[in-house]
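Peer 1: My questions are about this predicted structure, shown below with the sequence.
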Amino acid sequence: MKVNTKLQLSLMMFLEFFIWGGWFVTLGTFLGHNLKASGAETAMAYSTQSWGAIIAPFIIGLIADRFFNAERILGVLHLIGALLMYQMYAAIDFAGFYPYVLGYMILYMPTLALVNSIAFSQMKNPAKEFSFVRVFGTIGWIVAGLIISYVFLWDSEVSRQEGLLKNTFLMVAIASAILGVFSFFLPKTPPKVGKDEKVSVSSILGLDALKLLRDRNFFVFFISSILICIPLAFYYQNANPFLSEIGMDNPTGIMTIGQGSEVLFLLLLPFFFKRFGFKRTLIAGMLAWTVRYLLFAYGNADDKAFMLIIGIALHGICYDFFFVSGQIYTDSKAGAKYKSAAQGLITLATYGVGMLIGFWVAGEITDSYLVREGEHSWVDIWSFPAIFALGVMALFTLFFKNVQVEYKSN
């Protein structure tokens, strides 16, 4: 791959995840402070990610893969997204905000598959070349958080009180417009499927891989993947509002420790696979969720702030050891015929169904432990996902028989 192409793809990934990390992390805090949204309303806003994940395959399968170049669709989606993001910036109440965040996520979620498609199409050896390009996405997410906390201080207590957190949407709108224009200069990625070629809804959604559920181990893993998304939703929805509410300085910047941890443990994953095996690696990932939430429950922003830092740093184990390991396991079980379908099915089940349920549960639990306006009983809130994750781990441990899974690093 040419150096110029590699730089283009790296910048594309940087902007793609800078955009996501630039508003999604602080969304809960913004909704609570600026729009006075309830936990249920915050859950509705976060659930737009799930609706986007459910609808995305149709946009990719029925449009991107059949009629238009991927880079052009990426450009159009981000330009429209910039307009919607500006409307979110200008919203004054939740009723006016929600339609725009729903529309935005329906357009944004397909772009995650599009950037991968564009990148892979330019690579002669994706197994060796993709990691370098993809890591710039994680860097983009981290940079967005550092800018919010340490450059503009939008998540500081004073700025939150003044409503300045809404500026994250303006920043992202600008970044989205830049990526929208830049996309038209990316390497050409023509449609993969002929216009007249028939594509079934079941293949688009990955339902062809449902046959894999006949395997008891895969069925247990599949159900566990959906259930573990409930604790995951608590982190996405509540972590930033929690840190802000208890008085943690620069909460968004501090949360980027989680992304750094994600990169580190992704590199360590082959060692754990080889040393402990697949089942124990997944169990470690689920146990980390329980430990993380207990640290959140009993930590504070003063003498026990180290507990919160450790909880955030566990993100690499929580995410990589379960979800990345799960993707590898799914690939090994699917075989050549169902590889794409199986990954699509897992994505639909987790980011679609699992997270949709998770955000709803997180919203209900958060509202039920509202002590007074702007104050929650966080010990009770974080105890629920801690116990739930422990229960999922116990079920997985009991019913999943250990298997040998070969790790193939990207």
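Peer 2: Done, it's in.

Peer 1: Next up, phi/psi of Glu375, please.
Peer 2: The phi/psi pair for Glu375 (degrees, to the nearest 10) reads phi -140, psi 130.

Peer 1: for it, what are its contacts?
Peer 2: Glu375 makes contact with Glu245 under the criterion C-beta atoms under 8 Å, 6 or more residues apart in numbering. Every residue, glycine included, has its C-beta placed from N, CA and C.

Peer 1: Number of residues surrounding Gly166?
Peer 2: That one is not Gly; residue 166 is Lys. Using other C-beta atoms under 10 Å, the number of residues around Lys166 comes to 20.

Peer 1: Surely it touches Phe30?
Peer 2: Yes. In this structure Lys166 lies within contact range of Phe30 using C-beta atoms under 8 Å: 6.5 Å.

Peer 1: My guess is Lys188 contacts Ile118. True?
Peer 2: No. Here Lys188 lies out of contact with Ile118, judged by C-beta under 8 Å, at a distance of 9.3 Å.

Peer 1: who touches both of these two?
Peer 2: Glu71.

Peer 1: so Phe323 touches Thr350, yeah?
Peer 2: Yes. At 7.4 Å, Phe323 counts as touching Thr350 under the criterion of C-beta under 8 Å.

Peer 1: Between the two, which is the more surrounded one?
Peer 2: Set side by side, Phe323 and Thr350 show more neighbours around Thr350, with 22 against 19, by other C-beta under 10 Å.

Peer 1: Touching, that one and Cys229? I think so.
Peer 2: Yes. Thr350 is within contact range of Cys229, at 5.2 Å (criterion: C-beta under 8 Å).

Peer 1: where does the chain have low pLDDT?
Peer 2: The chain contains residues with pLDDT under 70 at 60-62, 64-66, 127, 192-207, 335-340, 404-410.

Peer 1: ok so, going back, what residues are shared contacts of Phe323 and Thr350?
Peer 2: Taking C-beta under 8 Å, 6+ apart as the criterion, Phe323 and Thr350 both touch Ser225.

Peer 1: Which stretches in the stretch 101-250 of the chain count as helices?
Peer 2: Along the stretch 101-250 of the chain, counting by DSSP state H, counting those that start in this stretch, helices occupy 126-146, 157-161, 167-183, 201-204, 216-245.

Peer 1: Nearest approach to Phe296 belongs to which of the ones you listed?
Peer 2: Closest approach to Phe296 among the helices of the stretch 101-250 of the chain is made by helix 216-245 (6.8 Å; C-beta to C-beta).

Peer 1: Which strands or helices does that closest one pack on?
Peer 2: If contacts are counted by 3 or more C-beta pairs under 8 Å, 6 or more residues apart in numbering; DSSP states H and E, helix 216-245 sits against helix 27-34, helix 39-59, helix 251-298, helix 315-319, helix 325-347, helix 355-368, strand 375-376, helix 378-399.

Peer 1: List the buried residues in it.
Peer 2: Neighbour counts using 16 or more other C-beta atoms under 10 Å place 217-218, 220-245 of helix 216-245 among the buried residues.

Peer 1: rewinding a little: how about the helices of the stretch 101-250 of the chain in TSV, adding distance to Val263?
Peer 2: Below are the helices of the stretch 101-250 of the chain laid out as TSV (distance: least, C-beta to C-beta, whole Å):
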stretch	distance to Val263
helix 126-146	6
helix 157-161	29
helix 167-183	21
helix 201-204	32
helix 216-245	18
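
Peer 1: right, so of those helices, which gets closest to Gly374?
Peer 2: When these are compared by C-beta to C-beta, helix 216-245 sits nearest Gly374, at 6.9 Å.

Peer 1: Okay, angle between that closest one and helix 378-399 too, please.
Peer 2: Interaxial angle, helix 216-245 versus helix 378-399 (axes from the mean of the first three to the mean of the last three C-alpha atoms, to 10 degrees): 170 degrees.

Peer 1: Please state the offset of helix 216-245 from the chain centre?
Peer 2: Computed by C-alpha atoms, centre = their mean, to the nearest Å, the chain-centroid distance of helix 216-245 equals 11 Å.

Peer 1: what angle do that helix and helix 251-298 make?
Peer 2: 110 degrees.

Peer 1: For Asp155, find the nearest of the helices and strands packed on helix 216-245.
Peer 2: helix 251-298 (4.7 Å).

Peer 1: And the closest one, how far out from the chain middle?
Peer 2: 15 Å.

Peer 1: before we move on, what about stretch 74-93?
Peer 2: Per C-alpha atoms, centre = their mean, the centroid offset for stretch 74-93 relative to its chain is 19 Å.

Peer 1: How about stretch 372-384?
Peer 2: Distance, centroid of stretch 372-384 to centroid of chain: 24 Å (C-alpha atoms, centre = their mean).

Peer 1: Could I have the CA atoms of it written out in PDB?
Peer 2: These are the backbone C-alpha positions of stretch 372-384, laid out as PDB (Å, rounded to 0.1, in the frame of the first residue of the first chain):
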ATOM      1  CA  ARG A 372     -32.800  14.500  44.600                       C
ATOM      2  CA  GLU A 373     -32.300  16.500  41.500                       C
ATOM      3  CA  GLY A 374     -28.700  16.100  40.400                       C
ATOM      4  CA  GLU A 375     -27.900  13.500  43.000                       C
ATOM      5  CA  HIS A 376     -28.100   9.700  42.700                       C
ATOM      6  CA  SER A 377     -27.300   6.700  45.000                       C
ATOM      7  CA  TRP A 378     -24.500   5.500  42.900                       C
ATOM      8  CA  VAL A 379     -23.600   2.500  45.200                       C
ATOM      9  CA  ASP A 380     -27.000   1.000  44.300                       C
ATOM     10  CA  ILE A 381     -26.800   1.900  40.600                       C
ATOM     11  CA  TRP A 382     -23.400   0.400  40.100                       C
ATOM     12  CA  SER A 383     -24.200  -2.700  42.300                       C
ATOM     13  CA  PHE A 384     -26.800  -3.900  39.800                       C
END
